[in-house]
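the sequence and its predicted three-dimensional model are supplied below.
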Amino acid sequence: MTRDTVLSNARIVLPDEVLHGSVLIRDGRIADIGSDPAAPGEDLDGDHLLPGVVELHTDHLEYHFSPRPGVRWDALPAVLASDAQLAAGGATTVLDAVRVGAGTSGSRDVAARTARQLADSIELAAEAGLLRAEHALHVRCEVSAEDCLDAFGAFVDDPYVRLVSLMDHTPGQRQYADLEVFKRFHVGKGLIAESEFDAFVGPLVERSARYSDVHRREIARLAAQRGIPMATHDDATSDHVAESVALGGRISEFPTTVLAAAEAAKHGQQIVMGAPNIVRGGSQSGNVAAAELLELGLLHMLSSDYVPSSPLQAVFQLAADGVIGLPEGAALVSGNPARSVGLDDRGEITVGRRADLVRVRSHDLPGDERHPRGLRVPVVREVYREGVRVS
């Protein structure tokens, strides 16, 4: 049975313009886009209608699963809470990041169990129809960890895996090229005492030298064998990018320097940065600012990273600042992310695409020194997944 829904009187953010008109949804797809805002249907009162956010890199589930140090929440309620918050931020497709390989301060057994437990809960919730957004997995591989390859084995044949990324948080390189940043993070979080720092760092460097290259190559081989897109994380030098390209990396996640971003773009890699970097005006780690990469034409995608509402907040503020228009902003958070992982059925408001849509009313506030034109806060009012309202 055909089911039609019309959303009218909307400022529709199309790939190349904003059209005041209406959208016809039929059987979960966009069937028509009209220029008559008065077409009979649900009146959106002049609000913006954008494609749903396609989220490639969110660590947010970890905060629901471990809301305080030493506290573990039940996995399924954590998944549901994270999904609700991401949908409220406009996300209709989410690749939840799960980490394999014990990090700088983690237990290998706990890390492996946690990753699989979260993944199982995501898959259970998806198959039971409990989720607002469509969820898949982004497996983040800490290649310097002794157990990384073994832990990845629990995911290599999982059909929910749509992205694999290679990361190495060893102090002295990439994200932590500045040892003081690494020290500030770990001491500040109470993970180690300042007096123990030097003794803590040495074994990590030795571990990376022993395992990183071997794990990087083998995980890249397995990902390629199964057709899973691969990203590399925190590339800082031309050598890092050359290695990524040789391994088949398609996506450059959070490059830490202009040099690395320029090299990645030269080789056709898609560059993703955190939307909080845009909203805050820079990197919390002191690395290159996302706004600088955007100005240089070296930024293709934004992810929420650790703040679910940040992609739309970044898009609307960039538009308010006159940096880019809303169509370009929608490409950063929807169209480009979707294409980068082969989800060509969504990410744009185009006839034939999935009706994954988000209704947004912007709220203007007085400007400040960084935003003299004014602050623009997006308020998500409705979210549709395949034409069905989910939030």
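That came through fine.

list the contacts for residue 293?
255, 258, 261, 271, 273, 299 (C-beta atoms under 8 Å, 6 or more residues apart in numbering). Backbone N, C-alpha and C define where each C-beta goes, glycine included.

next, count neighbours for the fifth one.
Right, residue 273. 31 (other C-beta atoms under 10 Å).

for the remainder of this discussion, apply numbering that starts at 423.
Yes, from this point I'll number from 423; that puts the last item at residue 695.

in which helix or strand does it reside?
If you go by DSSP states H and E, residue 695 is part of strand 692-696.

which strands and helices sit next to that strand?
In this structure, strand 692-696 packs against strand 475-480, strand 673-675, helix 680-688, helix 712-717, strand 723-725, helix 758-762, with contacts taken as 3 or more C-beta pairs under 8 Å, 6 or more residues apart in numbering; DSSP states H and E.

out of those, which gets nearest to residue 443?
Proximity to residue 443, assessed across these by C-beta to C-beta, is greatest for strand 475-480 (21.8 Å).

got the contact list for the closest one?
508, 511-519, 555, 560, 585, 587, 673, 675, 694, 696, 723, 725-728, 730, 733-734, 755-757, 759-760, 762-763, 765, 768-769, 780.

restricted to buried residues, select those residues in ChimeraX.
The buried residues among these can be selected in ChimeraX (16 or more other C-beta atoms under 10 Å) with this line:
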select :508,511,512,513,514,515,516,517,518,519,555,560,585,587,673,675,694,696,723,725,726,727,728,730,733,734,755,756,757,759,760,762,763,765,768,769,780
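
coming back round to it: next, the angle from the strand holding residue 695 to helix 680-688.
Strand 692-696 and helix 680-688 are oriented at 140 degrees to each other (axes from the mean of the first three to the mean of the last three C-alpha atoms, to 10 degrees).

quick one: strands adjacent to strand 692-696?
If you go by DSSP bridges, strand 692-696 pairs up with strand 673-675 (parallel), strand 723-725 (parallel).

can you pick out the most distant pair from the contacts of residue 715?
Within the contacts of residue 715, 680 and 695 form the most distant pair, 12.1 Å apart (C-beta to C-beta).

tell me which residue is most central in the protein.
By C-alpha atoms, centre = their mean, the chain has its centre lying nearest to residue 479, at 2.7 Å.

now do the same end-to-end measure for stretch 484-493.
Terminal residues of stretch 484-493 are spaced 11 Å apart (C-alpha to C-alpha, to the nearest Å).

kindly apply the preceding question to stretch 767-787 instead.
The straight-line separation of the ends of stretch 767-787 (C-alpha to C-alpha) is 36 Å.

next secondary structure after the helix-or-strand element of the chain with minimal mean pLDDT?
Least confident helix or strand, the chain: helix 601-610 with a mean of 63, by mean pLDDT, DSSP states H and E. Proceeding N to C from helix 601-610, the next assigned helix or strand is helix 619-647, under DSSP H and E.
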